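Participant: Quick one, what's the 3D model for this:
(one chain, ligands or ions: 2)
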Amino acid sequence: ERGERSDEQVSGAKVIAQALKEQDVRYLFGVVGIPVTEIAVAAQELGLRYIGMRNEQAACYAASTIGYLTGRPGVCLVVSGPGLIHALGGMANANMNCWPLIVIGGSSERSQETMGAFQEFPQVEACRLYSKFSARPSSVEAIPSVIEKAVRSSIYGRPGACYVDIPADFVNLQVNVDSIKYKECCLPPPVSMADTSAVCQAASVIRSARQPLLIVGKGAAYARAEESIRKLVEQCKLPFLPTPMGKGVVPDNHPNCVGAARSRALQHADVIVLFGARLNWILHFGLPPRYQPDVKFIQVDICAEELGNNVKPAVTLLGDINAVTKQLLEQLTKPLWQYPPESKWWKTLREKMKSNEALSQELASKKSLPMNYYTVFYHVQEQLPQDCFVVSEGANTMDIGRTVLQNYLPRHRLDAGTFGTMGVGLGFAIAAALVAKDRNPGQRVICVEGDSAFGFSGMEVETICRYNLPIVILVVNNNGIYQGFDADTWKEMLEFQDATVRAPPMCLLPNSHYEQVMTAFGGKGYFVQTPEELQKSLKQALADTTKPCLINILIEPQSTRKAQDFHWLTRSNM
Ligand code: ADP
Ligand code: MG
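Facilitator: Ligands and ions are numbered 1, 2, ... in the order given. As a prediction, the model looks like this:
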């Protein structure tokens with residue numbers, strides 16, 4: 001009856017779950033315990049998916065991947081104190097990558113605050129450095145509006161991480177159902193366009209370029225700008241270079257992709273359009289000697305504060321990448337302007353690509369054992385399904401793998417990212433596999449891990465087996481961090497001295513059987529040392545969609561990248 005109060009009660013846990021559902025949140029990842037177990041149970045009762053992980057960090061990596069892949073944040077649910085602190089790594093990674101994420105942390109009871117309560121910690125303050133928004137609802141009744149604000153903040157403007165703190169006493173507190181007002185699902189992020197005169201100016205700078213280059217970043221992938229960017233590339237016949245996670249927005253095998261001449265393209269371009277890519281370390285800050293001193297940058301970004309970082313841009317286009325690219329297309333195609341395909345610039349780029357590819361081919365065709373990185377990746381590339389997700393981490397494994405393993409679809413490459421985080425791979429792969437399962441069953445996730453990178457979250461293999469996710473993990477095993485030693489050298493080194501004194505800090509145990517981590521939980525494991533074994537095991541792994549699999553690939557412990565024109569990180573010649 002109108003005006004009459006029902007005496008039905010609802011718990012704080014149920015209010016949280018319902019509020020998340022109202023905001024169209026679909027996945028929660030976490031490690032349960034006091035005081036958040038009830039929240040996970042309540043979420044499942046409402047049909048939300050809960051994935052129990054083995055460490056909060058990996059859970060947080062997984063949740064943030066859901067945000068990047070779907071545009072709707074995933075939740076990382078953690079317990080108080082140490083649980084939340086473990087999740088900070090994942091929050092920082094998401095925030096640095098500009099990926100939406102909601103972290104919900106249980107915290108100690110309000111009545112015991114400042115008394116040394118169980119796992120007491122200043123959680124809202126702690127999260128502030130790692131997020132765009134960090135708050136505790138003032139009451140159970142306030143939970144829906146705080147959750148709505150967190151979800152909205154995570155996807156509006158520059159996407160990022162948001163934190164909601166839930167005191168333990170809220171979880172089981174019973175409140176009258178009528179006192180809870182759920183907020184309607186927030187609207188999709190507003191789409192902003194760039195100033196028209198700036199678009200005209202940008203088009204005229206592009207038209208007058210002698211050596212133009214488009215750089216496609218993961219912001220373009222997140223913005224789902226693949227169609228408009230591809231049109232721009234094809235109609236205007238422009239060369240483009242994807243950043244590591246910008247790979248696949250336009251397919252890597254597109255004739256206009258100059259990924260194989262990356263350094264050359266950056267170094268000699270006179271006009272560079274940045275679509276959702278920051279001029280940070282990944283792009284060598286936009287500075288000489290990696291770039292021409294007078295190169296004209298046109299920056300397209302949704303975040304005004306990003307524009308002008310490290311360089312003075314020729315033109316700034318503030319707005320959504322997809323909308324702004326359409327504006328640019330309008331300017332450049334009516335009437336149609338095209339960059340001449342027979343230019344000297346194209347010739348230089350094509351020649352460089354050819355010689356770089358020949359060099360990699362040559363390394364790949366080396367028959368010596370143990371294998372080198374190039375041999376491994378060429379064999380993997382041969383069998384990779386075109387639509388698979390490629391997750392990759394580890395220093396050499398990721399850097400070399402990026403140049404050989406191709407992406408044909410947007411948002412299908414996940415790696416250490418802006419923050420250079422190691423340990424992300426298994427969490428990323430788990431989230432990608434769940435998205436694949438829902439959208440496109442049969443689609444595979446290939447997780448290419450260095451042996452060191454694998455170690456950070458190795459126990460998530462149990463999570464993978466528990467949910468039976470179709471993930472193929474490749475551990476490219478060189479017995480160490482960057483480089484390692486073979487078993488004999490390792491033995492000799494330790495003959496007269498303790499490992500803690502003598503073992504080089506980069507060493508990991510030689511010839512470890514990482515595949516047994518997978519077989520321990522019922523998945524398939526392979527230990528491979530030759531190209532033939534690699535081919536055979538990969539073929540079997542890809543054919544068997546019923547089981548996760550780990551292929552442990554032993555490579556030459558001292559194997560490295562081919563010589564580079566510039567060293568990646570050293571400041572002196574960056
Ligand atoms: P990469 O690592 O690929 O170089 P970055 O993470 O450095 O990419 O840059 C991504 C950029 O994309 C960020 O500056 C972010 O603000 C921007 N961005 C994210 N979403 C959008 C969007 N919808 N429209 C425009 N820019 C966006
Ligand atoms: Mg290694």
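Participant: Output stretch 282-293 as CSV - backbone C-alpha positions only.
Facilitator: As requested, C-alpha coordinates have been extracted for stretch 282-293 and formatted as CSV (Å, rounded to 0.1, in the frame of the first residue of the first chain):
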residue,chain,number,x,y,z
ILE,A,282,57.0,4.2,-24.3
LEU,A,283,57.2,6.9,-27.0
HIS,A,284,60.6,8.3,-25.8
PHE,A,285,59.0,11.5,-24.5
GLY,A,286,58.6,12.8,-28.0
LEU,A,287,62.1,14.2,-27.8
PRO,A,288,65.3,14.2,-29.9
PRO,A,289,67.3,12.1,-30.8
ARG,A,290,64.4,9.7,-31.2
TYR,A,291,62.5,12.4,-33.1
GLN,A,292,63.2,15.4,-35.3
PRO,A,293,63.7,18.5,-33.1
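Participant: So that stretch, near ligand 1 or not?
Facilitator: Yes. Under the criterion of C-beta under 6 Å from any ligand atom, stretch 282-293 makes contact with ligand 1 via I282. In this view, the C-beta of every residue, glycine as well, is placed from N, C-alpha and C.
Participant: Quick check: buried residues in that stretch?
Facilitator: Of all the residues in stretch 282-293, those buried under the rule 16 or more other C-beta atoms under 10 Å are I282, L283, H284, F285, G286, R290, Y291, Q292.
Participant: thinking the second one is in contact with I215, fair?
Facilitator: If I follow you right, that is L283. Yes. Counting by C-beta atoms under 8 Å, I215 is a contact partner of L283 at 7.1 Å.
Participant: anything in contact with each of those two?
Facilitator: Both L283 and I215 are in contact with T243, L274, A277, where contact means C-beta atoms under 8 Å, 6 or more residues apart in numbering.
Participant: which ones among the residues you listed are found in strands?
Facilitator: Mapping the shared contacts of L283 and I215 onto strands (DSSP state E) picks out L274.
Participant: so the residue of the stretch 101-250 of the chain found nearest ligand 1 is in which element?
Facilitator: Distance from ligand 1 to each residue of the stretch 101-250 of the chain (C-beta to the nearest ligand atom) is smallest for G219, at 1.9 Å. G219 is part of helix 218-222, with elements assigned from DSSP states H and E.
Participant: moving C-terminal of the helix or strand containing E532, what's the next helix or strand?
Facilitator: Element membership for E532 (DSSP H and E) is helix 531-543. Counting by DSSP H and E, the element after helix 531-543 in chain order, helix or strand, is strand 549-554.
Participant: could I have that next one exported to CSV, CA atoms only?
Facilitator: Once side chains and other backbone atoms are set aside, the C-alpha atoms of strand 549-554 remain, and they are given as CSV (Å, rounded to 0.1, in the frame of the first residue of the first chain):
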residue,chain,number,x,y,z
CYS,A,549,47.5,-25.9,-21.0
LEU,A,550,51.1,-24.7,-20.2
ILE,A,551,54.0,-25.2,-22.6
ASN,A,552,57.3,-24.7,-20.9
ILE,A,553,59.8,-23.7,-23.7
LEU,A,554,63.5,-23.9,-22.8
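Participant: how about it against ligand 2, any contact?
Facilitator: No. Looking at strand 549-554 against ligand 2 by C-beta under 5 Å from the ion, there are no contacts, and the closest approach is 10.9 Å.
Participant: Now do that strand, average pLDDT.
Facilitator: Strand 549-554 shows a mean pLDDT of 98.
Participant: by contact count, what packs against that strand?
Facilitator: Packing partners of strand 549-554 (3 or more C-beta pairs under 8 Å, 6 or more residues apart in numbering; DSSP states H and E): strand 471-477, helix 515-519, strand 524-528, helix 531-543.
Participant: Extract the C-alpha trace of the third one and format it as PDB.
Facilitator: Written as PDB, here are the backbone C-alpha positions of strand 524-528 (Å, rounded to 0.1, in the frame of the first residue of the first chain):
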ATOM      1  CA  LYS A 524      47.900 -30.200 -19.700                       C
ATOM      2  CA  GLY A 525      51.600 -29.600 -19.500                       C
ATOM      3  CA  TYR A 526      54.400 -29.800 -22.100                       C
ATOM      4  CA  PHE A 527      58.200 -29.500 -21.600                       C
ATOM      5  CA  VAL A 528      59.800 -28.600 -25.000                       C
END
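Participant: Strands of the stretch 201-350 of the chain, start to end?
Facilitator: Residue ranges of the strands in the stretch 201-350 of the chain, as given by DSSP state E, counting those that start in this stretch, are 212-216, 240-242, 271-275, 296-301, 315-318.
Participant: With the stretch 51-200 of the chain instead?
Facilitator: Assigned strands in the stretch 51-200 of the chain, in chain order: 75-78, 101-107, 133-135, 161-167, 174-176 (criterion: DSSP E, counting those that start in this stretch).
Participant: Adding distance to ligand 1, write those strands out as CSV.
Facilitator: What follows is the strands of the stretch 51-200 of the chain, written out as CSV (distance: least, C-beta to the nearest ligand atom, whole Å):
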stretch, distance to ligand 1
strand 75-78, 20
strand 101-107, 14
strand 133-135, 16
strand 161-167, 14
strand 174-176, 38
